[in-house]
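Visitor: What follows is a predicted protein model with its sequence.
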Amino acid sequence: TLLYTIKFEFQTMYSQFERQFTDFLRTHLTHLDLKDRNRASEEEVISHLTHHLTDACRGGGDDTRHHGDVIKSPPQQTKDQSSASHHHMFKPTLVKCLKSEELALAHLCFAEELVSAGEHRLALSELGGAIRNCVATQTFRKIVAMRVVALYEIKCIQECEAELVLLKSVCCDDCRNGLFGKSDSIGGNNVQNYQSFIDKFGADSFCSLDSVTRKSVGEIIKKLTKTKTQGLSKSNESSKCSTVPTITDPLSPEYPYVSSRVDIRHSVDRGRHVVAKEALQIGDIVAVEDARTWTLLPDKWDSHCQHCLRLCHHAPLPCVGCPDVVYCSVDCVDADRVHAVECGYMSALQTLPKMVYLAFRTVSVFRRDIIKESRGEETSVDYRQVSELITNLELRTPVDIARRGALAIFLTNIVKELNVFKMCDSTFGTSNSTMGTSNSTMGTSNSTMVTSNSTMVTSNSTMVTSNTNSTMVTGASSVMTCSGRDSTISIGDMTICLGGCHQAMDYKTIYSSTSKLLLKCLQSYPCNAHEISELQIRPEFRYSANEDIGAGVYPFLSLVNHSCNPNVVRHSVGHVTVLRVLRRVGEGQELLDNYGYHYATHTVAERSKALKSQYLFVCACAPCEEGPVRWRLFPEISPSVRFRCAVCRVEVGEGRKKCPRCGRSAAKFINRIRSLEGSVRSIIGSFVGGVDLDIDMAPLIEFLSICESHTIPPFTLFNECQEVLKQKWNLGSNRRQM
């Protein structure tokens, strides 16, 4: 009930923000205009909006021009038009959602009944809900022990062994010695990998396992130690995790995850785009790019790893701080540095639209770079690539810019509410950190000593003295950051580190940079972010289809332009996206992706409207230019094959077998296409029917390659071949057996 209340309250608050801002836009910014949108920057938009929002909330107006007249100011407003209703419009209040021991015990009780009935798979689902919500150490140990039993019963030996290591790390000394003894055959020294769980659940020395559960676990340990899993099959899900493919070509020096066989060009009409430096064949891997920031859709939080986005099978690991997310392994638990910012608040944040939430997460990922940028320091390459994505600011209406700018301010206040930059994050003070090391001149515990006798506090300033120097910190917007090992004192809005402190941070500048970045993201992500998908494998394989599980930001992939008849295709492995060649690409030809609107699934009018609305361009690809006479929807595509000369591109009748223009013989290729048709249809039938998913696709690739040059697509068999090939590659990506 509490979870749904929090979600509803935040959703109501977000909806109220949208309604109030629409009214605010009509009342206060009716004369908003951009004099020169080519020169207007996100920083100027944010600054001007903040100026007017602050003025409106105070109940007054200002006729003065601001920031070089980039945006015109609204007319003077009376106090009757003031915004008491707008006062809290941009100041969200988040409620933290905590774990519920009562809910954990309810799940556990139901799971015990299912185990007794032999329904171990259903029991594991209930145990997943229990482990996400449990708080008590005894409950956690009981849940883990029951998961060991259930996993062993369904023959998931690999996951069972991992769960035994977790049990060994958190159980009391009596259980550890009685169940595992001194042998390292189960777990070995890997128990230290579960340090976060040891800290949370490993301190209680009271034995909480009943005799029946303890006996069952003991028998499983003996069997595993004796047999070493001989004769027992691992679960299909565990043994078939997709691996990220590698690029066999030399890599690009500018983009080390892209083949050197492609290059980035720029033109007035195409902008930055990707072309082939040499011919690319069907199936060639062009890029294997990891997302700079990503988000998992809320309906996948309890089934997919929050860090790597892979499917968690039967025994996911919970977050020790909140009931919202799970992880597939202890490595992902330790690697996830973003969730710490959101922990406990995700029930509220899930109400945000996908691209808005992705923009918010970008701040969490790049918070160190934002601090560096506010200080005028050099930022990381990843941050620069994300912040330099095309926003199409010059194509947007003033109202659209103002709406996104206001949303950026709204998100900035969420960042403030969550103390994203004020958190004592140990990543800012490690030996590898560029922001503070043991020898850093920015301040360490060895170079700065603060004592009660050397600290002078006044209403306007704070003097911090040390044995080597003294630092004056003034203003309520400047604070010191520190590592998680150091203690701090707070005076009003000021926080002072008592050891290990680093360079003072000007939060006014930091939050200004944050709003600017958020506005860029809110403009660029709808055009440049990509979906992260998963193949849903149905019992009847022909009905299997991709489903979105998240979204990510890929700077290189965003350079690949759209075509309604693409020559490349994407698929996801975790949050890594692989770009493959779908149709042959000649030297100097452009690589073209599809943004979700294909000629075979959408009419010209539907494609034109959708692309113009979301991506702000008018498509001029062949299917859009030539129209539906040739490029028809899939049910209307002709099954007959039309041949053509590979040189003149002139249609050649099958009976003539010679080009009517140049006289070249086409008999060889026509005969080869006809000879391949039988094997191609057989491959399609076996694959789509689910009879042989590992069938060799070489004849199909050869058929597509010859048809690309010597036929006039589309025709039914050609399109079917492409779809089968895409589905074959999807089998090597994220997938889930339904």
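Guide: Yep, that arrived.
Visitor: Tell me who's in contact with residue 601.
Guide: The contact partners of residue 601, by CB atoms under 8 Å, 6 or more residues apart in numbering, come to 633, 634. Bear in mind the C-beta positions are built from the backbone N, C-alpha and C, glycine included.
Visitor: Name all residues that make contact with the residue nearest to residue 612 when sequence neighbours are not counted.
Guide: Nearest residue to residue 612, sequence neighbours excluded (CB to CB, 6 or more residues apart in numbering): residue 618, at 6.1 Å. Counting by CB under 8 Å, 6+ apart, residue 618 makes contact with 608, 611, 612.
Visitor: Residue 361 is in contact with residue 296, isn't it?
Guide: No - contact status for residue 361 versus residue 296: not in contact, 10.0 Å apart, counting by CB atoms under 8 Å.
Visitor: A PyMOL selection for the contacts of residue 618, restricted to the buried ones, would help me check which they are.
Guide: Typed into PyMOL, the line below selects the buried ones among the contacts of residue 618, using 16 or more other CB atoms under 10 Å:
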select buried, resi 608+611
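Visitor: Turn the contacts of residue 618 into a markdown table, columns for secondary structure and pLDDT.
Guide: Conversion of these to a markdown table gives the following (DSSP: H, G, I helix; E, B strand; the rest coil; pLDDT from 0 to 100):
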| residue | secondary structure | pLDDT |
| --- | --- | --- |
| 608 | helix | 95 |
| 611 | helix | 94 |
| 612 | helix | 93 |
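Visitor: For residue 345, report the pLDDT, please.
Guide: Residue 345 is assigned a pLDDT of 89 by the prediction.
Visitor: try residue 181
Guide: Checking the pLDDT column for residue 181, the value is 72.
Visitor: Could you do residue 237 as well?
Guide: Looking at residue 237, its pLDDT reads 44.
Visitor: Only the C-alpha atoms, please, for stretch 567-576, written as PDB.
Guide: C-alpha atoms of stretch 567-576 as PDB (Å, rounded to 0.1, in the frame of the first residue of the first chain):
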ATOM      1  CA  ASN A 567      21.300  -1.500 -44.600                       C
ATOM      2  CA  VAL A 568      22.400  -2.100 -40.900                       C
ATOM      3  CA  VAL A 569      20.500  -3.500 -37.900                       C
ATOM      4  CA  ARG A 570      21.000  -3.300 -34.200                       C
ATOM      5  CA  HIS A 571      20.600  -5.800 -31.400                       C
ATOM      6  CA  SER A 572      21.400  -5.700 -27.700                       C
ATOM      7  CA  VAL A 573      23.600  -7.800 -25.400                       C
ATOM      8  CA  GLY A 574      23.100  -6.400 -21.900                       C
ATOM      9  CA  HIS A 575      23.400  -2.700 -22.400                       C
ATOM     10  CA  VAL A 576      25.900  -3.200 -25.200                       C
END
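Visitor: ok now it, how far from the chain's centre?
Guide: Averaging C-alpha positions (CA atoms, centre = their mean, to the nearest Å) puts stretch 567-576 13 Å from its chain's average.
Visitor: model confidence over that stretch, on average?
Guide: For stretch 567-576, mean pLDDT is 96.
Visitor: where do the strands sit along the stretch 301-450 of the chain?
Guide: Secondary structure of the stretch 301-450 of the chain (DSSP state E, counting those that start in this stretch): strands located at 317-318, 326-327.
Visitor: could those go into TSV alongside mean pLDDT, mean neighbour count and distance to residue 265?
Guide: Output for the strands of the stretch 301-450 of the chain, formatted as TSV (pLDDT from 0 to 100; neighbours: other CB atoms under 10 Å; distance: least, CB to CB, whole Å):
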stretch	mean pLDDT	mean neighbour count	distance to residue 265
strand 317-318	93	24	46
strand 326-327	94	23	41
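Visitor: Make TSV from the ones you listed and add distance to residue 153 to it.
Guide: Output for these, formatted as TSV (distance: least, CB to CB, whole Å):
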stretch	distance to residue 153
strand 317-318	20
strand 326-327	21
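Visitor: looking at those, which is closest to residue 516?
Guide: Closest to residue 516 of the strands of the stretch 301-450 of the chain, according to CB to CB: strand 326-327, at 32.9 Å.
Visitor: Which other helices and strands does the closest one contact?
Guide: Contacts defined by 3 or more CB pairs under 8 Å, 6 or more residues apart in numbering; DSSP states H and E place strand 326-327 against strand 317-318.
Visitor: mind running it again at 10 Å?
Guide: For strand 326-327, the elements it packs on are helix 120-133, strand 317-318, helix 330-335, judged by 3 or more CB pairs under 10 Å, 6 or more residues apart in numbering; DSSP states H and E.
Visitor: Give me the buried positions along the longest one.
Guide: Okay, so that is helix 120-133. Of all the residues in helix 120-133, those buried under the rule 16+ other CB under 10 Å are 120, 122-133.
Visitor: ok now do the spatially most central residue of the chain, which residues does it touch?
Guide: What sits nearest the mean C-alpha location of the chain, by CA atoms, centre = their mean, is residue 294, with 1.7 Å. Neighbour list for residue 294: 307-309, 338, 358, 361-362, 365, 529-530, 532, 550-554, 572, 574-577 [criterion: CB atoms under 10 Å, 6 or more residues apart in numbering].
Visitor: From the contacts of residue 618, pick the one nearest residue 153.
Guide: Comparing the contacts of residue 618 against residue 153 with CB to CB picks out residue 611 as the nearest, at 52.2 Å.
Visitor: For the closest one, which non-adjacent residue is closest in space?
Guide: Per CB to CB, 6+ apart, closest to residue 611 is residue 619, 5.3 Å.
Visitor: give the contact list for that neighbour.
Guide: By CB under 10 Å, 6+ apart, the contact list for residue 619 reads 561-564, 595, 597, 604, 607-608, 610-612, 625.
Visitor: Could you look up the SS state of it?
Guide: Classification of residue 619 by DSSP: H, G, I helix; E, B strand; the rest coil places it in coil.
Visitor: quick one: it and residue 391, what's the gap?
Guide: 20 Å (CB to CB, to the nearest Å).
Visitor: What of residue 221?
Guide: 58 Å.
Visitor: The residue nearest to residue 612 and residue 568: what is the separation?
Guide: Residue 618 is 21 Å from residue 568, by CB to CB.
Visitor: Also residue 103?
Guide: Distance, residue 103 to residue 568, using CB to CB: 46 Å.
Visitor: between the two, who's got more neighbours?
Guide: More neighbours surround residue 568 than the other of residue 103 and residue 568, with 23 against 17 (other CB atoms under 10 Å).
Visitor: so the more buried one sits right up against residue 583, yeah?
Guide: Yes - counting by CB atoms under 10 Å, residue 568 does reach residue 583; the two are 8.2 Å apart.
Visitor: shared neighbours, those two?
Guide: Here residue 568 and residue 583 share the contacting residues 280, 592, scored by CB under 10 Å, 6+ apart.
Visitor: Tell me which residues touch the residue lying closest to residue 318 once chain neighbours are set aside, please.
Guide: Nearest in space to residue 318, with sequence neighbours left out and distances taken as CB to CB, 6+ apart, is residue 132 at 4.6 Å. Residue 132 makes contact with 99-100, 103-104, 107, 143, 301-302, 316-319, 322-326, according to CB under 10 Å, 6+ apart.
Visitor: Alright, that wraps it up for me.
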